[in-house]
Each structure stands twice: as C-alpha cells, then as structure tokens.
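> Build me a model:
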Amino acid sequence: MKLVIYCTITNTPFDYVPFDILDTSRPEAPKGKYPYVRLRNGEIMGDSQFIIEQLEKERGAQALDSWLSEGQRMKAHVARRLMEESLYWCIEKETRWRVEDNFWNVTAPKYLAGQLPSAIACLTKFIGGMFRKEMMKLYWSQGMGRHTEDEVSLLSRDDVRSLDWLCCDCSPYFHGSQPSTIDAVLHAFVSLMKLNLEGYTCHPDGGEHTLASCKNLLAHYDHMERAYGKRINDACFKT
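Reported below is the predicted structural model:
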C-alpha cells in the first residue's frame, strides 16, 4: 500500500496487479514476497522501500525527499523502522494471523476468495491452515510471536503512542507543508489499523484501539484521504 501511495503522490504511472496465488506466469518475486515491480528498464525489483528509493533516484531533483534536512531524514527513518519492524508484526501478524477466529473468519476468506478452482474448493481449510502455519513460523522466528497476546497488545499500544508523538509537528504532512516518502508509509500503517477495527476482533489494549486517542495520526490520515484517497482507491480497484 505504501508503494501505491508513493506513486500516487508523485504521479508515477503504474499498473496495479492484485495478488494471485495460482498465477504461475509472473516472474518469481526477487525477495520471495510481495510487492515487487517491473521497472521501466525491465528490471524486476522487490521490497517496497528499495523500490521507492530507486524511484526517488530516477526523479533526481524532483525526488519527494529532495528538500529534507539531515535531521528530518533521520526522524523519518526512526518512524519508518518503528512501523515496519515492530508495529507491522504486533498489529498485522498478531491480529490477522495468530488470533484464530480472526484468521478463519476474515483473513482466510479474504486471501483465498476466488483463488482456488471449484474442483479443489473443499481444500480451502487445509490450504489456509498451511498458509497460517508458515506465517506463524515467521512470527515466532522474528521474536514477536513468542510473546503472549496481552504482551503484544501492550507493545503495539506503546508503538502507536510513540508514533503519534513523532507526528506532533504534522501540519499537515509529517515534515510540514510538503509531502515526503514517510507520508506514504504512515498513511499505509494508519489505514491498516483502521481496517483492523472495521473487520477484525482487536485486543482492547492494542494499538488499533489506541489510535482513537491519537489526534496527530488521525489528522494526518484525514488529510491524506482528502488529498489522495480517491486516486489511490481508483488505482487499486479500477476495472
């Protein structure tokens, strides 16, 4: 999502291709995971952050972050790592994958809807279980999955509070009056939390519920939605 938002902010043309577990015609993902892209020069590149950095290089003087000071870049780096290396695991993996009711009632149907031929639709539960088992291995190996649900919820709560504090100068963007790459990351993660509240059962002490009291994050989200929401939605769901 952050890559789609970045391309929308910078008016970078792209074609969005939804995930399809049965499509064997695509090239293998370089990092073994989504998203990945085919750049203008034909190169296949994985990892959204590296892709954004490459697109920033191609933009040269027009790069979204070209005007940032060294201090602003460092602050953005801290915020991004907080989201991608902690909040991602204790929000997305915990809520959507480890909580069993959430996985079987929401995550599995969303991931597998329309993905399996009718002839093997009876195997949906088995295939979904395989996906979940592999994801839980990653969650455990990363370390966050070794904590209890209560412990993870408190970690996510503190992450969201800290992120809200880092956004204390958002007016209306993370660094002030102009957008930068961190705005794409921030909007993607706040959107994730809001979507969790709409479709999943979230821990009452978790970061998703903490979001309700985070005025800075919500103000940033509302501004991004007004400025880019329709274009992002149109790009991802056009027919």
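> mind listing the strands for this structure?
Along the chain, counting by DSSP state E, strands occupy 36-38, 44-46.
> For G176, give me its contacts.
D169 (CB atoms under 8 Å, 6 or more residues apart in numbering). Placement of C-beta: from N, CA and C, glycine included.
> Same question for the one 5 residues further on.
Residues in contact with T181 (CB under 8 Å, 6+ apart) are 6, 52, 56, 64-65, 76.
> same thing but 10 Å
2, 5-6, 9-10, 49, 52-53, 55-56, 63-65, 68, 73, 76, 80, 174 (CB atoms under 10 Å, 6 or more residues apart in numbering).
> Among those residues, which lie within helices?
Within those, residues falling in helices by DSSP state H are 2, 5-6, 9, 49, 52-53, 55-56, 73, 76, 80.
> which among those gets closest to Y16?
Using CB to CB, I5 comes nearest to Y16 of those, at 11.7 Å.
> Now that closest one: closest residue in space, sequence neighbours ignored.
A184 (4.0 Å; CB to CB, 6 or more residues apart in numbering).
> Check G206 too.
Closest to G206 by CB to CB, 6+ apart is S153, at 4.1 Å.
> do you know how far the one you found is from P13?
41 Å (CB to CB, to the nearest Å).
> again, but for G229
19 Å.
> So the two - more neighbours on which side?
G229 (17 against 7; other CB atoms under 10 Å).
> give the contact list for L217.
Contacts of L217 (CB under 10 Å, 6+ apart): 160-161, 163-167, 170, 186-187, 189-190, 193-194, 210-211.
> Oops, could you answer that again for T8 instead?
Counted by CB under 10 Å, 6+ apart, T8 has contacts 14, 184, 187, 224, 227-236.
> From the residues you listed, pick the one nearest N41.
Among these, and counting by CB to CB, the member closest to N41 is F14, at 14.6 Å.
> quick one: that closest one and I232 touch, right?
No - assessed by CB atoms under 10 Å, F14 is found out of contact with I232, at 11.5 Å.
> which neighbours do these two share?
Taking CB under 10 Å, 6+ apart as the criterion, F14 and I232 both touch 4, 7-8.
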